[in-house]
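Asks: got a sequence here, can you model it:
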Amino acid sequence: MEGSANSRAVSNYEMLARYYDELLQDEEALSLWLEYIEEEDFHTVLELASGSGVMAKILKKKGYEVTASDISEQMKEVSRVNFDGEYLLLNMTDYDLKKKFDLVLCICDSINYLYEEELDAFFKCASKHLNEKGRLIFDMHDMKRIEEFKEQYIEEGFVSGVPYQWTITSDEYDDTLHEHFTFYTEEGMIEENHSQNVFDVDTIRRHMEPYFEIRVIDDFIEDEKLLIVGYKK
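Replies: The predicted structure follows:
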């Protein structure tokens, strides 16, 4: 694809937020997440890394009392078209809301944006914000994704009339996935990079067990995502 000679790099979700729902929304995964959420009798929900607010919108329509949150100001801004409830800017490893919830939810492999040394803080914060018998539900990449993207994945097309290229590669040395987005806008070529850390289940258990009993659904989305349910201790 060709674009203007001007080129600039932007921070995470500065550009992608505009096109997130059109480019990345996964209807299959949304319905699967709902199945596990609706297994239990939840009323209050804190969603971490809410992104464009699609899940928060769905849960609110179903009668849940939802507090959405994200670290990205750009994602909070675009969420206004989906979700009209409380939406907080916060770091999911360091927050204190002075209230508790029945469910803490973190979907769309958002936990994979953390480094291993941040996992303990993530689980500790979630546990602190849960009612007695509360639940933490999150998904994460399957380790098989590292093998899957040994050869670069390339996708090209148009999103809202803007040409784009999306590539994914993996690094076996440190178990990471690297996504590169290029948007060919009228103002020039805009590039955005995302890196995620892929964890094995033993690593998650080690950091999670001080705070939760753990249930692993390893065939949540086969060879792609695992779903993990934490039962507050």
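Asks: in the chain, which spans are helices?
Replies: All helices of the chain, identified by DSSP state H, fall at 16-24, 27-37, 54-61, 73-79, 116-128, 144-148, 201-208.
Asks: to Gln165, which of the ones you listed lies closest?
Replies: Minimum separation from Gln165 across these (CB to CB) falls at helix 16-24, 11.6 Å. Every C-beta, even on glycine, is put in place using the N, C-alpha and C of the backbone.
Asks: report the buried residues of that closest one.
Replies: Residues Leu16, Ala17, Arg18, Tyr19, Tyr20, Asp21 are the ones in helix 16-24 that count as buried (16 or more other CB atoms under 10 Å).
Asks: ok, so of those residues, who is nearest Cys106?
Replies: Minimum distance to Cys106 across those is 16.4 Å, recorded for Tyr20 (CB to CB).
Asks: what's near enough to touch that closest one?
Replies: By CB atoms under 8 Å, 6 or more residues apart in numbering, the contact list for Tyr20 reads Tyr13, Gly51, Ser52, Met75, Val78.
Asks: let's see it at 6 Å
Replies: Taking CB atoms under 6 Å, 6 or more residues apart in numbering, we find Tyr20 in contact with Ser52.
Asks: before we move on, what about Leu16?
Replies: By CB under 6 Å, 6+ apart, the residues touching Leu16 are Phe181, Glu192.
Asks: so what's it scoring on pLDDT?
Replies: pLDDT recorded at Leu16 is 87.
Asks: cool, Lys98 as well?
Replies: Model confidence at Lys98, given as pLDDT, is 96.
Asks: repeat for Glu39
Replies: pLDDT, Glu39: 87.
Asks: may I ask which helix or strand of the protein has the lowest mean pLDDT?
Replies: strand 7-10 (a mean of 58; mean pLDDT, DSSP states H and E).
Asks: how many neighbours does Glu156 have?
Replies: 11 (other CB atoms under 10 Å).
Asks: skipping adjacent residues, who's closest to Val54 in space?
Replies: Excluding its sequence neighbours, the residue lying closest to Val54 (CB to CB, 6 or more residues apart in numbering) is Asn82, at 5.4 Å.
Asks: swap in Arg80?
Replies: Gly53 (7.8 Å).
Asks: ok, back up a step: quick one: closest of the helices of the chain to Glu191.
Replies: Among these, if distance is taken as CB to CB, the winner is helix 16-24, at 10.7 Å.
Asks: re earlier: format the helices of the chain as JSON lines; extra columns: distance to Glu222.
Replies: Shown next, in JSON lines, are the helices of the chain (distance: least, CB to CB, whole Å):
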{"stretch": "helix 16-24", "distance to Glu222": "19"}
{"stretch": "helix 27-37", "distance to Glu222": "11"}
{"stretch": "helix 54-61", "distance to Glu222": "21"}
{"stretch": "helix 73-79", "distance to Glu222": "28"}
{"stretch": "helix 116-128", "distance to Glu222": "24"}
{"stretch": "helix 144-148", "distance to Glu222": "9"}
{"stretch": "helix 201-208", "distance to Glu222": "15"}
